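Student: Kindly return the folded structure for what I paste below:
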Amino acid sequence: MKARSADEGWSCTLGKWGIIVADGAFCWFYPDGGEADSKLPPPNLATRLVARAAEPVKIQERLTPVSVGEPAPGTWVFDFDQNIVGFPLVNLPELPAGTTVKVAPAESLAANGTVDQASLGPGDPGTDLFNTYTTAGRPGGETWHPKFNYFGMQWVQVTGLPRGYKPSRNLITGLRVQADVPAASSFTSSSARLNRIHKMAWHSMASNIMSVFTDCPGREKLSYPADYTQPFGALARNFQFPAFLRTTAHHLVEGQSIANTSMAGNVALKTPREKARGHIVDAALADWVEDSSQTSGRITGTWGYYLTIKAMARIANLTGHQADAHRYADLSHDIRNAFNTAFWNDSNHRYTDAGNNDTSNATQTAQELALDSGLVPEKHRQQVLNALVELTYDYPSRDGVGPHLSGGQIGLGPIVRALSAGGRDDVLWDALQQNDRPSYGYFVAPTVANPNGFTTIGEQWDHSDSKNHMILAQIDEWFHAGVVGIQPVALTTLSSTWENRLIFQPKLVGDLTSASGTYQMLQGEARCEWQRTAEGNFHLTVNVPANAEAEVRLPSVGKVNASRRARFVRVDSDYTIYAVPAGTHVFNNETAHAVGG
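Tutor: A predicted model of the protein is given here:
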């Protein structure tokens, strides 16, 4: 065997698929994959080298298949029982020289038991993703894995082995890879369903943290900002990103020069026109991957415009640009007024596409975006929350049973936060018990393509496209902030943002009898653990790291036995609130909330 390397004549072009699909997977194997349109010169003495701040991509786990089957003569399918991102390690026995083994990854199975690569992405040549290895006939066997690409895979199909050879499970090892970012938390509960959904969400997030945040492990490995900014509440709950985000910030600056793609948009041309349009912005993609209801792009676009201007006001204030801060604050106020004028309907007390001109299409996303961002005037907040709850329970499902969360990339995170902030965690719990589309139970349900259900979160509520995406993993934020109840409070100064306070506020929902979790702060590990009995006895233990302090919020029902160092603060709505310093604190409430109550 002889290694081949490229010469000094490196060249690059956008290729026939533009920047949306990595052309290395297609172009150079076809006659039109030439050099006529090369765009970039090779590296030279004038090339500026930039140190990478983010953690490197490393092999994180080695998975042995749980089973191997032969759906057709000579076709062997290995099952890892977990959809991962990485590559297969081939452990071949001593085989005749010149034996070519073909290895094909997949996230799903076809009806005949062979692999189905449809979810890995469409392509003009068709989806046929594989590696081949030709043996040298070495005594003792050979070991090999791909070094220039990675895949999304739960199954690996192997063909080309000698006739009559029956492989063991050890023929293939799954190497899971990911950027080596530190863990930020842990979560577990008495609910097997919540634990499984959390595991699925965790793997989807881990699968898309590579040298950049990626869209998905299959067809689109590029770093579209919406794919990681929208679920960032869940991402930051699970992983620590101080170093990784430094590199991401540099990429965002450098990426502004990319042209000729709809993903980049026409912000430079659009922004100066928005004031003339009455501060209403139309977003082409609206609430991407939303279920069958369709929220107006004018609602999502204006919501995004409002958040951007609010952020600019905050940035200007922190950096000492007070005149700009006032200007942006005034503009955000004008946008808020314009949003309510355009979309608020006085008769049904909801946000609709046409405001007072039409009562139809008052979607979940329209209500939750307004609630979560602060666009709703205080006098209307309860009305909008009530509308959101009603729309969630009444959402038309395939079996006629609710509630269901219909939000997509933009709308899912805000509905989780809006319902929890409004004290309606019971709605989230009820939605998580559903099994028909759109629901997380629909991902868990067995199908021909995934006999044991998904092991990661899918890209679309209807199972189409990627089986491993993080835009619908946003419910995982609630598992930490709501169910366990760990809520860090950030202190922002001109030089830094850091968390020095905590709020512990567990949400006792459904028939949960226990939950526990941790969260890694700069000062150390915060921990919260609670149990309750069928009679309603509630036991809570919290740990506050050194040089931090916390507020503990307990259900205001029955007598509370508080930790000796806990200081009573007040009774606020449904909670009794205590302040605690660093250390471990134990609370008991004899008649909090009975299980299921």
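Student: Just the buried positions in stretch 62-80, please.
Tutor: Residues of stretch 62-80 classed as buried by neighbour count (16 or more other CB atoms under 10 Å): 63, 65, 68, 75, 76, 77, 78, 79, 80. C-beta coordinates here come from the backbone N, C-alpha and C atoms, glycine included.
Student: hang on, I meant stretch 379-396
Tutor: Applying 16+ other CB under 10 Å to stretch 379-396 flags 380, 381, 384, 385, 387, 388, 389, 390, 391, 392, 395 as buried.
Student: Quickly note the distance from the first one to residue 353.
Tutor: Between residue 380 and residue 353 the distance is 18 Å, computed by CB to CB, to the nearest Å.
Student: now stretch 418-438, how far from the chain's geometric center?
Tutor: Relative to its chain's centre, stretch 418-438 lies at 18 Å (CA atoms, centre = their mean, to the nearest Å).
Student: Rounded mean pLDDT for it, please.
Tutor: The average pLDDT for stretch 418-438 rounds to 96.
Student: Next up, the contacts around residue 223.
Tutor: Residues near residue 223 by CB atoms under 8 Å, 6 or more residues apart in numbering: 212, 213, 214, 215, 248, 251, 255.
Student: wait, what's in contact with residue 403?
Tutor: Going by CB under 8 Å, 6+ apart, the list of residues near residue 403 reads 392, 393, 395, 427, 430, 431, 434.
Student: Ok, residue 565 next?
Tutor: Neighbouring residues of residue 565 by CB under 8 Å, 6+ apart: 580, 581, 583, 585.
Student: Turn these into CSV, columns for secondary structure, neighbour count and distance to residue 234.
Tutor: Formatted as CSV, the contacts of residue 565 follow (DSSP: H, G, I helix; E, B strand; the rest coil; neighbours: other CB atoms under 10 Å; distance: CB to CB, whole Å):
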residue, secondary structure, neighbour count, distance to residue 234
580, strand, 22, 27
581, coil, 14, 30
583, strand, 13, 29
585, strand, 21, 27
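Student: Would you reformat the residues you listed as a markdown table and include distance to residue 401 and pLDDT?
Tutor: Formatted as a markdown table, these follow (distance: CB to CB, whole Å; pLDDT from 0 to 100):
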| residue | distance to residue 401 | pLDDT |
| --- | --- | --- |
| 580 | 42 | 97 |
| 581 | 47 | 96 |
| 583 | 46 | 97 |
| 585 | 41 | 98 |
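Student: Give me the distance between the helix or strand residue 502 falls within and the centre of its chain.
Tutor: Using DSSP states H and E, residue 502 falls within strand 497-504. Chain-centre distance of strand 497-504: 23 Å, with CA atoms, centre = their mean.
Student: What ranges does the stretch 101-250 of the chain have for its strands?
Tutor: 108-109, 115-116, 131-134, 142-144, 151-159, 172-179, 185-189 (DSSP state E, counting those that start in this stretch).
Student: ok, back up a step: ok, so of the contacts of residue 403, who is nearest residue 472?
Tutor: Relative to residue 472, the closest of those is residue 431; by CB to CB it sits at 12.8 Å.
Student: what's the neighbour count on that closest one?
Tutor: 23 (other CB atoms under 10 Å).
Student: same thing with the one 5 residues further on?
Tutor: Look at residue 436: counted by other CB under 10 Å, it has 15 neighbours.
Student: Now name the helix or strand holding it.
Tutor: Residue-wise, residue 436 maps onto no helix or strand under DSSP H and E.
Student: Now it, what are its backbone angles?
Tutor: phi -110, psi 160 (degrees, to the nearest 10).
Student: In this structure it contacts residue 402, no?
Tutor: No: in this structure residue 436 lies outside contact range of residue 402 using CB atoms under 8 Å: 9.9 Å.
Student: and residue 209, how many neighbours?
Tutor: Other residues close to residue 209 by other CB under 10 Å number 25.
Student: Over to the one 4 residues further on?
Tutor: A count of neighbours around residue 213, defined by other CB under 10 Å, yields 25.
Student: Also the one 3 residues further on?
Tutor: Taking other CB under 10 Å as the criterion, the count of residues near residue 216 is 28.
Student: roughly how far apart are it and residue 456?
Tutor: 10 Å.
Student: which residues are in contact with both of the two?
Tutor: 468, 469.
Student: returning to what we had before: quick check: the farthest pair among the contacts of residue 565?
Tutor: Farthest apart among these - using CB to CB - are 581 and 585, which lie 8.8 Å from each other.
Student: list residues touching both of those two?
Tutor: By CB under 8 Å, 6+ apart, the residues touching both residue 581 and residue 585 are 544, 565.
Student: Check the chain and tell me which residue is nearest its centre.
Tutor: With distances taken as CA atoms, centre = their mean, residue 470 lies nearest the centre of the chain, 2.9 Å away.
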